[in-house]
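Student: coordinates only, sequence not included:
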């Protein structure tokens, strides 16, 4: 079969769940695709903008590409236009806060019906070099549908989730100049058999990658600034860490920057509950990495994390009182969060402690109980920590406090809770 134009009812067309723009892994329905397009976390769909650009009517000169799978017409290219048509005829639903002014649509759409091979070739020709796909999407398409080997860029993301969870890293210059083999080697990182290998431990590699991410996001490393100076522009503490570990052997290590199951982000959480936090890992401040909205609270959180990593790397050279600095900084973090919510510290804890605790795994709740951290004691523990060095030096209790603080911050300042 080559290509032919056929009229197909919008109601019969099935949206492609593996669209490189924003794939849904596993089985998904038309509504699942529409839900993802409406949430549009990384601005990949822009349905309102497309509807406006289309003008007052549907343009027949732009044919969707359709491939039949067991008599089911699947839209390989043109999914955004077909979504608008399905919305127009009430075949799917959209949230009330998504406002789309949809042009005049026919109920039957002329489609370019072809084999999957031709569809994939046409899609690659249309999108690969036009800017509509970012480097990671392009590499994924080449690997999954065109039989190419995984690029280093894609393998790094598959192993860590780093690029997927930090869209500012999904740039051509980052792929070609930062996450290339030579530079990764200088950072003490390698990808072998699609797994991450490094000369650092888990906390250290997280710190190195986080530093790179921040430098790209703040444009301290860009196509115009500090080009080719990746290691040199990192924080002095990161450079020292890389240098001190350069003789260590490479070894496999597991690290994940986000859930690999995109369906999690598609599920609407109730207004009172967060999704369950991951099980507690030993020696992780806040119970693991937090994903907070940009601002003062996020900045303080990152600084505290850096302070804790510094402690882990140098605790043999530090006094027993050093950990009190971490306890004190937790109060500063909570006060900043409370201020942004227009509350006093004690009120902020009172309003958010219960729901935050309900989002925690049982082992985290047990840790809170073992160290007498509850809704009534937490304000006093924070206040005492700012004035009593001996009490503030209890690191295990500080770690327990950080667990519930992390859960509260995720509830009030998380990226998905604006």
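Tutor: That came through fine. Since we're looking at a predicted model, the values are computed, not measured. Numbers count the residues shown, from 1 in each chain.

Student: going forward, measure contacts and count neighbours with C-alpha atoms only.
Tutor: Fine.

Student: for the stretch 51-200 of the chain, which segments count as helices?
Tutor: Ranges of helices within the stretch 51-200 of the chain are 79-88, 116-127, 135-146, 152-160, 162-165, 172-173, 181-186, based on DSSP state H, counting those that start in this stretch.

Student: in a markdown table, list the ones you listed along with mean neighbour count and mean pLDDT.
Tutor: What follows is the helices of the stretch 51-200 of the chain, written out as a markdown table (neighbours: other Cα atoms under 10 Å; pLDDT from 0 to 100):
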| stretch | mean neighbour count | mean pLDDT |
| --- | --- | --- |
| helix 79-88 | 21 | 89 |
| helix 116-127 | 16 | 86 |
| helix 135-146 | 19 | 86 |
| helix 152-160 | 21 | 89 |
| helix 162-165 | 20 | 87 |
| helix 172-173 | 14 | 90 |
| helix 181-186 | 15 | 94 |
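
Student: in TSV: those, plus distance to residue 201.
Tutor: TSV is the format used below for those (distance: least, Cα to Cα, whole Å):
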stretch	distance to residue 201
helix 79-88	43
helix 116-127	39
helix 135-146	26
helix 152-160	14
helix 162-165	17
helix 172-173	27
helix 181-186	16
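
Student: out of those, flag the one nearest residue 402.
Tutor: helix 162-165 (23.0 Å; Cα to Cα).

Student: counting by contacts, list what the closest one packs against.
Tutor: helix 152-160 (3 or more Cα pairs under 8 Å, 6 or more residues apart in numbering; DSSP states H and E).

Student: could you pull out the strands for the stretch 151-300 of the chain?
Tutor: 189-192, 195-198, 251-252 (DSSP state E, counting those that start in this stretch).

Student: now these as CSV including mean neighbour count, distance to residue 47 and mean pLDDT?
Tutor: CSV is the format used below for those (neighbours: other Cα atoms under 10 Å; distance: least, Cα to Cα, whole Å; pLDDT from 0 to 100):
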stretch, mean neighbour count, distance to residue 47, mean pLDDT
strand 189-192, 20, 37, 90
strand 195-198, 21, 36, 88
strand 251-252, 16, 42, 87
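
Student: show me the one of those that comes nearest residue 33.
Tutor: Residue 33 lies closest to strand 195-198 among the strands of the stretch 151-300 of the chain, at 29.9 Å (Cα to Cα).

Student: give me the contacts around that closest one.
Tutor: 155-156, 159-160, 188-191, 205, 249-254 (Cα atoms under 8 Å, 6 or more residues apart in numbering).

Student: quick check: the farthest pair among those?
Tutor: Longest span within the contacts of strand 195-198, Cα to Cα: 155 and 249, 20.6 Å.

Student: what bridges to the closest residue to residue 75 other than its chain neighbours?
Tutor: Of all residues not flanking residue 75 in the chain, residue 66 sits nearest, at 4.6 Å (Cα to Cα, 6 or more residues apart in numbering). Beta bridges link residue 66 to residue 75, residue 113 when assigned by DSSP bridges.

Student: quick one: pLDDT of residue 66?
Tutor: We have a pLDDT of 94 for residue 66.

Student: quick one, what contacts residue 58?
Tutor: 103, 104, 105, 106.

Student: buried subset of those as a ChimeraX selection?
Tutor: Typed into ChimeraX, the next command selects the buried ones out of the contacts of residue 58 (criterion: 16 or more other Cα atoms under 10 Å):
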select :103,105
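
Student: can you flag which of the contacts of residue 58 belong to strands?
Tutor: In strands, defined here by DSSP state E, there are no members of the contacts of residue 58.

Student: any idea how far the spatially closest residue to residue 179 that is not a sequence neighbour is from residue 47?
Tutor: Nearest non-adjacent residue to residue 179, counting by Cα to Cα, 6+ apart: residue 153, 6.4 Å away. In this view, residue 153 and residue 47 are 29 Å apart by Cα to Cα, to the nearest Å.

Student: residue 233 too?
Tutor: For residue 233 relative to residue 47 (Cα to Cα), the value is 39 Å.

Student: looking at the two, which is more packed in?
Tutor: residue 47 (23 against 17; other Cα atoms under 10 Å).

Student: distance-wise, check the residue nearest to residue 75 relative to residue 144.
Tutor: Taking Cα to Cα, one finds residue 66 at 19 Å from residue 144.

Student: likewise residue 114?
Tutor: Counting by Cα to Cα, the gap from residue 114 to residue 144 is 19 Å.

Student: ok, now residue 323?
Tutor: 48 Å.

Student: can you list the low-confidence ranges for the stretch 251-400 of the chain?
Tutor: 256-283, 385-393 (pLDDT under 70).

Student: number of residues surrounding residue 113?
Tutor: Applying other Cα under 10 Å, we find 26 residues neighbouring residue 113.

Student: can you list the low-confidence ranges for the stretch 1-150 of the chain?
Tutor: 1, 21-22, 24-27, 41-43, 128-132.

Student: again, only using 80
Tutor: Residue ranges of the stretch 1-150 of the chain with pLDDT under 80: 1-2, 19-28, 40-45, 96-99, 126-133.

Student: and stretch 233-243, how far from the chain's centre?
Tutor: 25 Å (Cα atoms, centre = their mean, to the nearest Å).

Student: list the buried residues for it?
Tutor: For stretch 233-243, by 16+ other Cα under 10 Å, it's 233, 234, 238, 241, 242.

Student: tell me which of those fall in helices.
Tutor: Mapping the buried residues of stretch 233-243 onto helices (DSSP state H) picks out 233, 238, 241, 242.

Student: any idea how far the first one is from residue 212?
Tutor: Put plainly, it is residue 233. For residue 233 relative to residue 212 (Cα to Cα), the value is 9 Å.

Student: also the second one?
Tutor: For residue 238, the distance to residue 212 equals 10 Å [Cα to Cα].

Student: can you check the last one too?
Tutor: Plainly put, residue 242 is 13 Å away from residue 212 if you go by Cα to Cα.

Student: do a quick rundown of the helices in the stretch 251-400 of the chain.
Tutor: Under DSSP H, counting those that start in this stretch, the stretch 251-400 of the chain gives helices at 263-266, 296-314, 323-340, 345-358, 362-370, 377-385, 389-392, 395-413.

Student: can you redo these as a markdown table with distance to residue 229 and mean neighbour count?
Tutor: Below are those laid out as a markdown table (distance: least, Cα to Cα, whole Å; neighbours: other Cα atoms under 10 Å):
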| stretch | distance to residue 229 | mean neighbour count |
| --- | --- | --- |
| helix 263-266 | 35 | 14 |
| helix 296-314 | 22 | 17 |
| helix 323-340 | 32 | 21 |
| helix 345-358 | 42 | 18 |
| helix 362-370 | 41 | 16 |
| helix 377-385 | 41 | 18 |
| helix 389-392 | 40 | 18 |
| helix 395-413 | 33 | 23 |
